[in-house]
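K.L.:
give me a 3D structure for the following:
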Amino acid sequence: MIKLTTTTPLGGTVARDDQIGTLRITEWPNTALASVTMRKGKSVTFRRAALDAFGAEPPAGGAGMLLGAGSASDHIAVIWMGPDQYLVETEIEAEQNASISLASRLAERFAQSASITDQSDAWVRFDIEGDDCVAMLERLSAADSRTMKPCDAVRTPIHHMGCILVCRATKTRFSIFGPRSSALSLHHALTSAAASL
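P.N.:
Numbering: from 1, shown residues only. The predicted model follows:
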């Protein structure tokens, strides 16, 4: 029988954790993600299902993130990706494989009002923490990280990679979601920017 070993997006068996000056850059593999897209003509049932699943209305327009404690999960973040399109995030324990169950739970809640797709293996997440976060991000992205508040999110290119920047704590802690297939390139961009400060 073949024995498989779980690896992180950077290819290790444990998450990468780099301390560069005052900045800490951490690979964060224990995140389950699912896309939720409203189906045509299902606005009323979609909004009702979203309220049930997230405990509140999802963010409408702009680039916001809503934290909730709905019935689909104990901790959920809903990131606006486009008109009636959201990326749902929840953290999982290292030994769990909850990505499929997140998508399954959401599919049960939304039924025919939304299309749900598991996205956990499509993205890599890096957390950046430290007093120089904004200075680092300003070298990487045109996003106005200086004015972002906790729960703000914005789509932004970083080194020609389509990424999502999420503020966790004003000016001192951010998450960056990027394409998993470009995890090494994104990590190199982040560590190089941190080292240049």
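K.L.:
ok, His187 - contacts?
P.N.:
10, 16, 25, 27, 126 (CB atoms under 8 Å, 6 or more residues apart in numbering). The way it works is simple: take the backbone N, C-alpha and C, and place the C-beta from them, glycine included.
K.L.:
show me where this structure has its helices.
P.N.:
43-54, 99-110, 133-140, 183-195 (DSSP state H).
K.L.:
how about the ones you listed in JSON lines, adding mean pLDDT and distance to Phe177?
P.N.:
Formatted as JSON lines, the helices of the chain follow (pLDDT from 0 to 100; distance: least, CB to CB, whole Å):
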{"stretch": "helix 43-54", "mean pLDDT": "89", "distance to Phe177": "19"}
{"stretch": "helix 99-110", "mean pLDDT": "83", "distance to Phe177": "14"}
{"stretch": "helix 133-140", "mean pLDDT": "97", "distance to Phe177": "14"}
{"stretch": "helix 183-195", "mean pLDDT": "97", "distance to Phe177": "10"}
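K.L.:
and the strands in this structure?
P.N.:
Listed in chain order, the strands of the chain (DSSP state E) span 17-20, 23-27, 31-38, 65-68, 76-82, 85-91, 114-118, 123-129, 153-158, 161-169, 173-179.
K.L.:
can you list the domains in this structure?
P.N.:
17-29+122-195, 31-121 (automatic domain parsing).
K.L.:
turn the strands of the chain into CSV, including distance to Leu186.
P.N.:
As requested, the strands of the chain are arranged in CSV below (distance: least, CB to CB, whole Å):
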stretch, distance to Leu186
strand 17-20, 13
strand 23-27, 10
strand 31-38, 15
strand 65-68, 20
strand 76-82, 18
strand 85-91, 17
strand 114-118, 21
strand 123-129, 7
strand 153-158, 7
strand 161-169, 6
strand 173-179, 4
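K.L.:
now for the ones you listed, which one comes closest to Leu51?
P.N.:
Leu51 lies closest to strand 65-68 among the strands of the chain, at 9.7 Å (CB to CB).
K.L.:
which residue sits closest to the residue nearest in space to the middle of the chain, ignoring its sequence neighbours?
P.N.:
Note on the chain: the residue nearest the mean C-alpha position is Phe177, at 5.2 Å, using CA atoms, centre = their mean. Residue nearest to Phe177 in three dimensions, not counting chain neighbours: Ile164, with 4.2 Å by CB to CB, 6 or more residues apart in numbering.
K.L.:
that neighbour touches Pro179, doesn't it?
P.N.:
No: the pair Ile164 and Pro179 does not pass the contact test of CB atoms under 8 Å, sitting 10.5 Å apart.
K.L.:
who's more crowded, those two?
P.N.:
Ile164 (22 against 15; other CB atoms under 10 Å).
K.L.:
quick check: the more buried one vs Phe126, distance?
P.N.:
11 Å (CB to CB, to the nearest Å).
K.L.:
what do those two both touch?
P.N.:
Counting by CB under 8 Å, 6+ apart, the residues touching both Ile164 and Phe126 are 176, 178.
K.L.:
good, we can wrap up now.
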